[in-house]
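# Predicted structure and sequence below. I'll ask about it afterward.
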Amino acid sequence: MGDNSPPSGPDFTRGIDATELKSVLLGQAQGESVLLVRVGHLVHAIGAKCSHYGSQLSDGAVQGTTIRCPWHHACFDLRSGEAVEGPALQNIPVWEVKQAGGRITVLGKKPATPAAPQVSAGAPSSIVIIGAGAGGESAAEELRRRGYPGPVTLIDADADSPIDRPNLSKDNLAGTAPEDWLWLHPAEWYAEQRIERVVARVTKLDRAGKRLTLADGTTREYGALILATGASAITPQLSGQGPAVFPLRTTSDMRAIVKALEGKKRAVVIGGSFIGLEVAAALRTRGLEVQVVSPEGAPLARVVGPEVAAVVKRLHEEKGVRFHLGRRATALDAKGVLLDDGTLVEGELVVAGVGVRPNLSLAEDAGLAIDRGVTVDETMRTSDAHVWAVGDIARFRGRFGELQRIEHWAVAQNQGRVAARNALGLVTRFTTAPFFWSQHYDLTISYVGHAESWDRQELTGDPQKLDCELKLMKGRLTLAVITLGRDRASMSAHEAMNRELGRVTRASTGAEVIDDAKQGDVFAKTSLHGLDLTVSLGKRTGEFVWLVASSQGQPRWAQRLDAGYMMPYGAKLEAEGDGLMVVVDGEHAKGGEHTSWSFYVSVEGTLWSRPY
């Protein structure tokens, strides 16, 4: 998987002239591929390949003290090699670097060091994780990475978990990758990490007693609980008798499909979703005739827009896939699937790619707050102080204050890490923008952000040439960025959205700031959507001043401004979508000239800011 080419380029252990290193330089040391990275006056030496799928990090983006992988946006700390964002799980190696006499020399490999910060006194007596998917598995790893010494239990009814689920519909189903690629770690790794794996279904959560009941009647107690129960594939209910209909969510599902393919020539895929189309591509790779049935007029159009959807459709048609668009499967027939217009789509097996349903019953029965998902705060904590929720079931606030539930692999991984840290008392906010990728033959679609709807698009490049960047927008706000063949643009968008999320402080986590700003001057006020809204400026505290937005007299949002950059002296409010833009006028601290910043504030409460 990935780039398996042998090390090449200059041998850094012999030293190079410092002028040869502008930003990044690929070479080797001690028989391994090494990447030199210059950040200011410092030079870092790291493993040159991403630990996820082996892509070359020399094509990645250096952002502060991190480097981001161009393929699937894993992110690594240049100083320690730590994988700080998924989908990578393993760290990358780092080497000592010597700078002297105008030369740069790579010395020995640095020993692995514990991730910082490490857990301190007061951690829970035990931590149980329900669900061994992306979120649950990454939470278990993070607990050990942060030095938690207590019992960690990972419970899942699927004996094959944890696996690299995105590959189920890609290389593994296509038969171009061995099955052992699926496992995130060998079984002995969990034993070495003292992570107990329990194959069982949890039937009851007793929050008052901090106790779980399993399907066999046994119980487990916990000090802290992380819910990562994921989602289940939806199988369409079709009348009549005909070929078997297979979902695709687990290793067992994939094995069943592969077995059913034996001796078959034709397949029907129900659903033009990402999963459905990836299945279509995998089955074409195996040589089957494939027809796709979808109620949409163009596959994926409501997710990626009509231009990109047209490209995806064309690629599949060029590979021999036939589409039945604007149609629904209603019944099975001995020869295949009947559509709502009476058409018979012939096929000897059927695969459903019509979406998933979050597994909420355990949380719901336990009385946790539910709103089309388990509602969580920015630390992934639920309405119970001892329970966190991540992944497909978690409903959290996005960049614009809207509640959202996102079914992306890397999102679940990153949320699992955040929940684990907070369960240990290492307060961490979830400030990572959503990202996912989808593979269609030789085309990779990269998607950063989240847009359930939009009112305009900004397109650069040509989708038909597989070279474009598409921004999905509401008014002036960029909700999501989709790229074909433009990895650097995708990585830049990801980093920009991460910065936006990281800058905002919510009222719930900044009480002292709110109290301070309530005593400050009111900069602007307006009435919008039936609410009285004000923006106030707090007193300067050290190097920072704070703006606070309130609705109905209650603080809802706080924005930190660097006083060394700008001292604000006024603001105005403008309606924008479901919220408002706060346009702050100020004086540049170093030059005295006028400057301005604009922030978006949702009526519900927070959560987004960026300079214009």
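It's in.
# Contact partners for Asp384?
For Asp384, the contacting residues are Arg207, Ala366, Leu368, by C-beta atoms under 8 Å, 6 or more residues apart in numbering. For the C-beta atoms, the positions are set from N, CA and C on the backbone; glycine is no exception.
# Double-check that the last one belongs to a helix.
No. Per DSSP: H, G, I helix; E, B strand; the rest coil, Leu368 lies outside any helix segment and is coil.
# Could you count how many residues lie near Met473?
Other residues near Met473 number 17, with proximity taken as other C-beta atoms under 10 Å.
# Torsion angles phi and psi at it?
phi -130, psi 160 (degrees, to the nearest 10).
# can you check Leu42 too?
Torsion angles, degrees, to the nearest 10, at Leu42: phi -90, psi 150.
# which residues pair with it across the strands?
Val39 (DSSP bridges).
# which SS state does the most centrally placed residue in the chain fall under?
The centroid of the chain falls nearest to Val411 when counting by C-alpha atoms, centre = their mean (2.5 Å). Here Val411 takes the helix state, with states given by three-state DSSP.
# That one and Val418, how far apart?
To Val418, Val411 is 11 Å away according to C-beta to C-beta, to the nearest Å.
# ok, now Asp171?
29 Å.
# Likewise for Met491?
Taking C-beta to C-beta, one finds Met491 at 21 Å from Val418.
# In which helix or strand does Val418 reside?
For Val418, the element it lies in under DSSP states H and E is helix 409-423.
# Show me what that helix is packed up against.
Helix 409-423 sits against helix 134-145, strand 224-227, strand 387-389, strand 435-440, with contacts defined as 3 or more C-beta pairs under 8 Å, 6 or more residues apart in numbering; DSSP states H and E.
# Report the backbone C-alpha coordinates of that helix in CSV.
Coordinates of the C-alpha atoms in helix 409-423 are reproduced here as CSV (Å, rounded to 0.1, in the frame of the first residue of the first chain):
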residue,chain,number,x,y,z
TRP,A,409,-13.9,7.8,9.4
ALA,A,410,-11.3,10.5,10.3
VAL,A,411,-13.9,12.5,12.2
ALA,A,412,-14.7,9.5,14.5
GLN,A,413,-11.0,8.9,15.0
ASN,A,414,-10.3,12.5,16.0
GLN,A,415,-13.3,12.6,18.3
GLY,A,416,-12.2,9.4,20.0
ARG,A,417,-8.9,11.0,20.9
VAL,A,418,-10.6,14.1,22.2
ALA,A,419,-13.0,12.1,24.3
ALA,A,420,-10.2,10.0,25.8
ARG,A,421,-8.2,13.0,26.8
ASN,A,422,-11.2,14.6,28.5
ALA,A,423,-12.1,11.4,30.3
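# So what's the model's average confidence on it?
Averaged across helix 409-423, the pLDDT comes to 97.
# Just the angle for it relative to helix 134-145, thanks.
40 degrees (axes from the mean of the first three to the mean of the last three C-alpha atoms, to 10 degrees).
# Could you check how far helix 409-423 is from the centre of its chain?
10 Å (C-alpha atoms, centre = their mean, to the nearest Å).
# State whether Val34 is indeed within a strand.
Yes. Counting by three-state DSSP, Val34 is located in a strand.
# from what I can see it touches Lys49, true?
No. Val34 is beyond contact range of Lys49, at 10.0 Å (criterion: C-beta atoms under 8 Å).
# more crowded one of the two?
Taking other C-beta under 10 Å, Val34 and Lys49 do not tie; Val34 has more neighbours (26 against 21).
# Now do the same for the more buried one: its pLDDT.
Confidence score, pLDDT, at Val34: 97.
# ok, it to Gly108 distance?
12 Å.
# Can you work out which residues contact both of these two?
By C-beta under 8 Å, 6+ apart, the residues touching both Val34 and Gly108 are Trp95.
# The spatially closest residue to Ala260 that is not a sequence neighbour: what's it in contact with?
Closest residue in space to Ala260, ignoring its immediate chain neighbours: Leu349 at 4.9 Å, by C-beta to C-beta, 6 or more residues apart in numbering. The contact partners of Leu349, by C-beta under 8 Å, 6+ apart, come to Pro243, Ala244, Phe246, Ile257, Ala260, Leu261, Lys264, Ala267, Val268.
# Can you select the buried ones from those residues in PyMOL?
To isolate the buried ones among those in PyMOL, judged by 16 or more other C-beta atoms under 10 Å, type:
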select buried, resi 243+246+257+260+261+267+268
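# Go through the contacts of Leu349 and flag which are in strands.
Among those, the members falling in strands (DSSP state E) are Phe246, Ala267, Val268.
# Kindly state the beta-bridge partners for the second one.
Read it as Ala267. According to DSSP bridges, the partner residues bridging Ala267 are Val290, Leu349.
# tell me which of the ones in strands among the contacts of Leu349 is nearest to Ser120?
Using C-beta to C-beta, Phe246 comes nearest to Ser120 of these, at 48.8 Å.
# correct me, but the closest one touches Gly353?
No. Applying C-beta under 8 Å as the test, Phe246 and Gly353 come out as separate, 10.1 Å apart.
# Doesn't Ser490 lie inside a helix?
Yes. According to three-state DSSP, Ser490 belongs to a helix.
# and it, what pLDDT?
Model confidence at Ser490, given as pLDDT, is 98.
# What of Leu466?
Predicted confidence (pLDDT) for Leu466: 97.
# Next, it: phi, psi?
Per degrees, to the nearest 10, the backbone of Leu466 is at phi 60, psi 40.
# For it, give its distance to Gly242.
37 Å.
# more neighbours, those two?
Gly242 (20 against 16).
# wait, isn't that one in contact with Leu344?
No. Look at Gly242 against Leu344 with C-beta under 8 Å: they stay out of range, at 10.2 Å.
# what is in contact with those two at once?
Counting by C-beta under 8 Å, 6+ apart, the shared contacts of Gly242 and Leu344 are Asp333, Lys335, Gly336, Val337.
# Quick one: buried ones out of these?
Counted by 16+ other C-beta under 10 Å, the shared contacts of Gly242 and Leu344 give Asp333, Gly336, Val337 as buried.
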